[in-house]
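> give me the fold of what follows.
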Amino acid sequence: MAATGDDSGSARSRAVSEVVELVSALIRFDTSNTGDPATTKGEQECAEWVARQLEDAGYSTEYVESGATGRGNVFARLPGADSGRGALMIHGHLDVVPAEAADWSVHPFSGAVQDGYVWGRGAIDMKDMVGMMLALARQFKIEGTVPPRDLVFAFLADEENGGKWGSQWLVENRPDLFEGVTEAVGEVGGFSLTVPRPDGGERRLYLVETAEKGLGWMRLRAKARAGHGSFLHEDNAVTILAAAVARLGTHTFPLVVSDSVAEFLAAVSEESGLVFDPDSSDIEGTLAKLGSISRIIGATLRDTANPTMLNAGYKANVIPQTAEAVVDCRVVPGRLAEFEREVDELIGPDVEREWVTKLDSYETTFDGHLVDAMNDAILAHDPQGRTVPYMLSGGTDAKAFAHLGIRCFGFAPLRLPPELDFAALFHGVDERVPVDALEFGTDVMEHFLLHS
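So this is what the prediction gives:
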């Protein structure tokens with residue numbers, strides 16, 4: 001039976017009834033991505049399980065290994081009423097960052113459901129959305145739902161390492177998988193931020209990702225003459241590198257307010273009465289009043305270059321010839337050339353630099369039918385909600401899909417408790433997602449997909 005377009009009934013849908021167990025089951029697959037293909041694991045097993053869930057519902061799926069053994073990806077397409085329209089892709093990655101079990105309250109790959117949460121690595125990054133995708137794809141196929149346009153469900157590998165063996169490889173080598181796709185939704189957006197109102201009330205803003213900073217991992221290298229550790233050395237590769245890393249790591253890049261950030265700040269100001277003055281020296285102090293989300297938003301106001309790795313020497317009494325560092329760089333859209341110029345000035349002529357990984361920034365506008373559909377879906381299930389655009393300080397697979405001309409958004413809806421430190425859960429200890437937020441998000445996503 002075709003969809004009627006009315007999904008506002010009070011009965012629990014098939015998707016809502018099974019989303020918690022699907023997310024729990026997905027977490028139980030240890031898909032830790034170390035960044036080293038030799039030690040990354042679990043993606044193939046998880047992808048094959050996802051394919052079985054889809055095939056049991058009646059889909060024909062395509063399993064693709066993206067350039068390396070075990071880097072599993074799964075695609076399924078649901079025809080819509082108007083296949084002449086551009087297709088909408090809903091994408092999610094199956095890999096997660098590693099977790100140390102000794103640090104957690106529960107085992108990070110238990111998928112435990114307790115205290116109103118689903119716990120485990122990937123609970124919010126991003127097996128929560130993968131579970132919603134899978135639950136809704138199954139429901140639509142089993143119940144014969146026909147969406148207004150073709151839907152492409154993509155379950156992907158290697159996002160946590162920049163998508164080299166996932167979305168980047170697929171875009172370069174299998175563009176046919178994205179045939180007809182004009183728009184896409186994925187992580188990180190659609191979650192609620194509760195802000196205080198001047199009248200003493202509160203307003204839930206649902207942040208839709210419309211922009212991402214550029215992502216790059218840069219290697220710095222200093223070279224000097226090797227020698228005995230007991231001698232005097234005017235040139236020491238370790239000293240040269242350490243000084244350059246310190247200058248770069250303590251540098252504050254200039255304030256830049258992009259369109260997406262300006263729209264977000266304007267919306268928060270309208271709702272809360274807070275004033276965000278780009279010319280103020282304390283705009284970060286005003287942002288801090290928003291709570292934990294200020295760490296994400298604050299990082300979108302400037303470029304960042306954070307040293308993350310150091311490597312030098314092989315013996316305590318030997319001055320090494322070479323010292324190296326790795327720096328995690330996140331660059332505001334339109335700032336790459338100026339960012340590189342500033343970095344070169346900071347590190348000086350005696351330090352070489354090279355990009356190990358460099359992915360472009362991305363930004364789109366907060367308008368159009370798809371944005372309206374997101375807002376309508378939120379309001380259908382939270383009449384006091386409001387969607388607003390924002391920029392993500394990190395990166396997603398959208399960076400790859402943008403190269404195909406696909407317009408990308410982050411929309412994985414979750415209605416969160418105001419007291420939950422959501423930002424700290426990304427790659428953090430005791431990562432978890434509220435059960436009721438998962439069920440809310442599944443309802444919202446169903447409404448969205450049936451009106452997209």
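
> what about the helices in the chain?
Counting by DSSP state H, the chain has helices at residues 14-27, 43-56, 127-142, 167-173, 237-249, 259-272, 283-287, 294-298, 336-347, 369-381, 398-401, 422-425, 435-449.

> closest to Met391 out of the ones you listed?
With CB to CB as the criterion, Met391 lies closest to helix 259-272 of the helices of the chain, at 4.5 Å. Every C-beta, even on glycine, is put in place using the N, C-alpha and C of the backbone.

> ok so, going back, need the helices of the chain in CSV (columns: distance to Met309).
Formatted as CSV, these follow (distance: least, CB to CB, whole Å):
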stretch, distance to Met309
helix 14-27, 28
helix 43-56, 24
helix 127-142, 27
helix 167-173, 22
helix 237-249, 10
helix 259-272, 29
helix 283-287, 27
helix 294-298, 22
helix 336-347, 15
helix 369-381, 38
helix 398-401, 22
helix 422-425, 23
helix 435-449, 35
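
> worst average pLDDT in these?
Among the helices of the chain, helix 283-287 carries the lowest mean pLDDT, at a mean of 80.

> list the buried residues for that one?
Using 16 or more other CB atoms under 10 Å as the test for burial, helix 283-287 gives Ile283, Thr286, Leu287.

> quick one: the first one from Ala305, how far?
Ile283 sits 20 Å away from Ala305, going by CB to CB, to the nearest Å.

> likewise Gly273?
34 Å.

> who has more neighbours, those two?
Taking other CB atoms under 10 Å, Gly273 and Ala305 do not tie; Ala305 has more neighbours (21 against 12).

> so who does Thr308 touch?
Contacts for Thr308 were tallied using CB atoms under 8 Å, 6 or more residues apart in numbering; they are Val326, Val327, Asp328.

> could you dump those into a markdown table with pLDDT, distance to Ala242 and neighbour count added?
What follows is these, written out as a markdown table (pLDDT from 0 to 100; distance: CB to CB, whole Å; neighbours: other CB atoms under 10 Å):
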| residue | pLDDT | distance to Ala242 | neighbour count |
| --- | --- | --- | --- |
| Val326 | 98 | 14 | 17 |
| Val327 | 98 | 13 | 23 |
| Asp328 | 96 | 18 | 16 |
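
> just give the nearest non-adjacent residue to His107, would you?
Ala101 (5.4 Å; CB to CB, 6 or more residues apart in numbering).

> my bad, should have said Arg295
Closest residue to Arg295 apart from its sequence neighbours, by CB to CB, 6+ apart: Ala423 at 5.1 Å.

> burial count for the one you found?
Look at Ala423: counted by other CB under 10 Å, it has 17 neighbours.

> next one: the one 3 residues further on
Here the neighbour count serves as a burial measure; for Phe426 (other CB under 10 Å) it reads 16.

> what residues are up against the closest residue to it other than its chain neighbours?
Take Phe426 and drop its neighbours on the chain: the residue closest to it by CB to CB, 6+ apart is Asp125, 5.3 Å away. Each residue near Asp125 by CB under 8 Å, 6+ apart is listed here: Val96, Val97, Glu187, Val188, Leu425, Phe426, His427, Glu431.

> could you do Pro418 as well?
Listed by CB under 8 Å, 6+ apart, the contact set of Pro418 reads Thr194, Glu202.

> go on, the one 3 residues further on?
Remark: with contacts taken as CB under 8 Å, 6+ apart, Asp421 is in contact with Gly291, Ser292.

> can you check Val106 too?
Counted by CB under 8 Å, 6+ apart, Val106 has contacts Ala112, Gln114, Trp119, Gly120, Asp430.

> hang on, the earlier thing: let me have the contacts of Thr308 in a markdown table, extended by distance to Pro198.
Formatted as a markdown table, the contacts of Thr308 follow (distance: CB to CB, whole Å):
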| residue | distance to Pro198 |
| --- | --- |
| Val326 | 46 |
| Val327 | 42 |
| Asp328 | 38 |
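
> among these, which ones are in strands?
Mapping the contacts of Thr308 onto strands (DSSP state E) picks out Val326, Val327, Asp328.

> ok, the residues you listed vs Glu18, which is closest?
Each of those was scored against Glu18 by CB to CB, and Asp328 proved nearest at 37.6 Å.

> number of residues surrounding the nearest residue to Asn311 once chain neighbours are set aside?
Closest residue in space to Asn311, ignoring its immediate chain neighbours: Glu324 at 4.8 Å, by CB to CB, 6+ apart. By other CB under 10 Å, the residues close to Glu324 number 18.
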